[in-house]
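Novice: Okay, sequence plus prediction incoming.
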Protein chains: 2
Amino acid sequence: MFGNGGKQTTIKDLAKYMKVAPSTISRALRDYPDISDKKKKEIRELANKLGYQPDSIAQSLQRGRTKTIGVIVPEIKHDFFSSVLDGIEDVAYKAGYSIFVCKSNEDYTREIINTRSLLSYSVAGIIVSISQTTQDTDHFDVVKMRNIPLVFFDRVCDIKANKVVVNDEQGAFEAVEHLIQSGYKRIVHLAGPTHLEISKNRIKGYRAALEKNGIQFRKEYIIDGGLDEEDGIRGFKKLMKLSPKPDAVFCVNDPVAIGVFMQCKEKKIRIPRQLAIVGFSDNPIASLINPPLTSVSQPAYEMGSIAAKMLLEEINSKSSLFKPKRRKLKTKLMVRSTT
Amino acid sequence: MFGNGGKQTTIKDLAKYMKVAPSTISRALRDYPDISDKKKKEIRELANKLGYQPDSIAQSLQRGRTKTIGVIVPEIKHDFFSSVLDGIEDVAYKAGYSIFVCKSNEDYTREIINTRSLLSYSVAGIIVSISQTTQDTDHFDVVKMRNIPLVFFDRVCDIKANKVVVNDEQGAFEAVEHLIQSGYKRIVHLAGPTHLEISKNRIKGYRAALEKNGIQFRKEYIIDGGLDEEDGIRGFKKLMKLSPKPDAVFCVNDPVAIGVFMQCKEKKIRIPRQLAIVGFSDNPIASLINPPLTSVSQPAYEMGSIAAKMLLEEINSKSSLFKPKRRKLKTKLMVRSTT
DNA sequence: CAGTTTTCCGCATACGTTTTCGGAAAAACC
DNA sequence: GGTTTTTCCGAAAACGTATGCGGAAAACTG
């Protein structure tokens, strides 16, 4: 298959071999009308025999754009993000695209470097969930200015671009209302970073549920924090100092809930008798711990595939007057035994 | 920052602006000796002002190789693989490389397409864990022939290339010996696909432990299967039909163990009283289920970072007489309550 | 057979970099 | 002031592909 010591067979090689111009080869392989059927057939056979494969880099340089979509996530190993990646990859693969995965590590400057890198690689589009520490979003303006399609998912910001999120407010509302209807009255919310939209929306839902059910909102019952297990542990400690003592906690996501969960185990606090717990995102782990964690299910894989589809749509819509859309997916409350 | 309507500022733009040749710009920015310090400074300032960013595609075409490393994994969302990806990304990022992530979906032909795609993108190197259905490995020969560095991890094959694995045999041995020492006598092994090295090695360890402890090996106590939860469920059903009834099961990995675990819950079989379970890979879930799962811990993140380091080493070693190495990482038995 | 159309293909160029080679101008030497 | 050396820079080619344009040969028209 490869007779030339490791070098890729190029269009020029074929040209020399066939004693025609490179342009002829190119046109023959792309089935242009200006080449005789006989020659096309010959060329195709030779290309097959030598295992010719067009050089994507050269094509990209010529076209000014790659068949690649860039993805920026805060973390890869988190279940939610890896499921999203999975969804993106599947859609991209089917459309003949590859994915470039960058991790921001929840770090603002690394996110900037990542976008720059993706831009310099002329990706066809970018899908991103912003990091916890990102407050300023100028780096995404540059993407828009270069006319590169952009889709945000889950952790979005208020830039004019495609977005796919879950109905965080509704999800939070249902979770908290469920707690109330189960008889809990002193419900704490371990919230995420306040500048993130998801945090705000989940707080909104929390308050709405209290309000609707005539429960007085207390400021000290919202505990700010982050999105990791450690934040859950820290949150638990703050929570235990409150008085009157809370009887339930609604966590901004599952890792935080797991942090609380583990602390309860350690301190021998009965779940849900002494403290009820609700998480958000329904990681697979939720149903397997004991007692199984009640959590708001978030369609991660679907989010990824929808984000990718939206991106491809924008890529393929030549018109620059593309109207950004916002898809809001439904959540589903998975009631288990921690409530 | 961008005054030209969305187009990337190029080296030619700078050249026109400065009224010098493009080559001068290139040399100035790369700090070549042949340019006067004064001009270098001017050029750098202009480049900064216009936000010049070298076009990676053009550089790649010129160099014949990208600053990108391709990764092929069977699945993204599995905890083990996403942790490996995490490790790879971190060291790649530090070395100025980006990663191209492809998913084979445990499918042989998709794996071939993935490698082809990576080749056509002139990646600097490839890291891969082969799919369950891969028996033939010609597609990797092509990679070697193109002199592209290659590292296998976990699911390796017998190609002459860098490899990083865990000591599967030792890990399995310790797990099974632990079972024996805990008093279990009829120990079944739910094995993986037989053509994978990991499966073979874990079987070896299983047999070695039996042998050393004077327990008769029974052919029917090895149940072939796959690597997923469903395979665990299937395995459980076969296992229950055996007589005498087994009292312990050593699973080829955690998903399989979880499958068995869930079946036990469903069928009200007491763990570990009626059936002891040991998994492999120590997913985070293992410690959180009830009872917590005994499992062989496999350093996933470290595997990724080591694989990436080996790859970079090979990339940077100009000499084509590179000697493939094999790193074997240690496992650690995490004894919990299912045994 | 001259003129027109059609068929088929090559030339040249562009994409943005890097790099080799060589050459002009300035500086240094005797 | 002529020769050599040094300093600095430009021209051009190359990487592999795609494409507008033009041109030669063949086929068809009258």
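Specialist: Yep, it's here. Every value quoted in this text rests on a predicted model; they were computed, and no experiment measured them. Residues are numbered from 1 along each chain as shown, chains lettered A, B, ... in the order given.
Novice: Taking the stretch 151-300 of chain A, what residue is nearest to DNA strand D?
Specialist: Using CB to the nearest atom of the strand, the closest approach of the stretch 151-300 of chain A to DNA strand D is made by A:Val151 at 26.5 Å. Yep, even glycine has a C-beta here, placed from its N, CA and C like the rest.
Novice: Check which helix or strand that residue maps to.
Specialist: Element membership for A:Val151, per DSSP states H and E: strand A:150-153.
Novice: Need the residues that contact that strand.
Specialist: Identification of contacts with strand A:150-153 by CB atoms under 8 Å, 6 or more residues apart in numbering or on different chains yields A:84, A:125-130, A:140, A:143-144, A:159, A:161-165, A:303-304, A:307-308, A:310-311, A:314.
Novice: try 7 Å this time
Specialist: Residues outside strand A:150-153 that contact it (CB atoms under 7 Å, 6 or more residues apart in numbering or on different chains) are A:84, A:125-129, A:140, A:143-144, A:161-165, A:303, A:307, A:310-311.
Novice: same deal with stretch A:169-183?
Specialist: A:187, A:201-202, A:204-206, A:208-210, A:213, A:215, A:248, A:250, A:276, A:278, A:280, A:296, A:331, A:333, A:335, A:339.
Novice: Just give the nearest non-adjacent residue to the closest residue to chain B within chain A, would you?
Specialist: Closest residue of chain A to chain B, CB to the nearest CB: A:Asn290 (2.9 Å). Residue nearest to A:Asn290 in three dimensions, not counting chain neighbours: B:Asn290, with 2.9 Å by CB to CB, 6 or more residues apart in numbering or on different chains.
Novice: next one: A:Ala286
Specialist: In space, A:Ala286 is closest to A:Leu293, 4.2 Å off (CB to CB, 6+ apart).
Novice: Which helix or which strand is home to A:Lys77?
Specialist: A:Lys77 belongs to no helix or strand, assigned by DSSP H and E.
Novice: on that earlier part again, hmm, A:Gly279 and the residue nearest to A:Ala286 touching each other?
Specialist: Yes: the pair A:Leu293 / A:Gly279 is scored as a contact, 5.3 Å apart, by CB atoms under 7 Å.
Novice: hey, what's in contact with both of the two?
Specialist: A:257, A:286.
Novice: Those two: which is more packed in?
Specialist: A:Gly279 (31 against 28; other CB atoms under 10 Å in any protein chain shown).
Novice: contacting residues for the nearest residue to A:Glu229 once chain neighbours are set aside?
Specialist: Excluding the flanking residues, the one nearest A:Glu229 by CB to CB, 6+ apart is A:Gly259, at 4.2 Å. Going by CB under 7 Å, 6+ apart, A:Gly259 touches A:229-233, A:236.
Novice: A:Thr194 - how many residues pack around it?
Specialist: Neighbourhood size, A:Thr194 [other CB under 10 Å]: 11.
Novice: Count the neighbours of the residue in the stretch 101-250 of chain A that DNA strand C sits nearest to for me.
Specialist: Relative to DNA strand C, the nearest point of the stretch 101-250 of chain A is A:Ser120 (8.3 Å; CB to the nearest atom of the strand). Neighbour count of A:Ser120, defined by other CB under 10 Å: 18.
Novice: And for A:Asn48, the neighbour number?
Specialist: 10.
Novice: Correction: the previous question concerned A:Leu118.
Specialist: For A:Leu118, using other CB under 10 Å, the count is 25.
Novice: from what I can see it touches A:Ser104, true?
Specialist: No: between A:Leu118 and A:Ser104 there is no contact under CB under 7 Å: 11.7 Å.
Novice: Strands of the stretch 1-150 of chain A, residue ranges please.
Specialist: Listed in chain order, the strands of the stretch 1-150 of chain A (DSSP state E, counting those that start in this stretch) span A:68-73, A:98-103, A:125-128, A:150-153.
Novice: Could you export the ones you listed as a markdown table, including mean pLDDT?
Specialist: Below are the strands of the stretch 1-150 of chain A laid out as a markdown table (pLDDT from 0 to 100):
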| stretch | mean pLDDT |
| --- | --- |
| strand A:68-73 | 98 |
| strand A:98-103 | 97 |
| strand A:125-128 | 98 |
| strand A:150-153 | 98 |
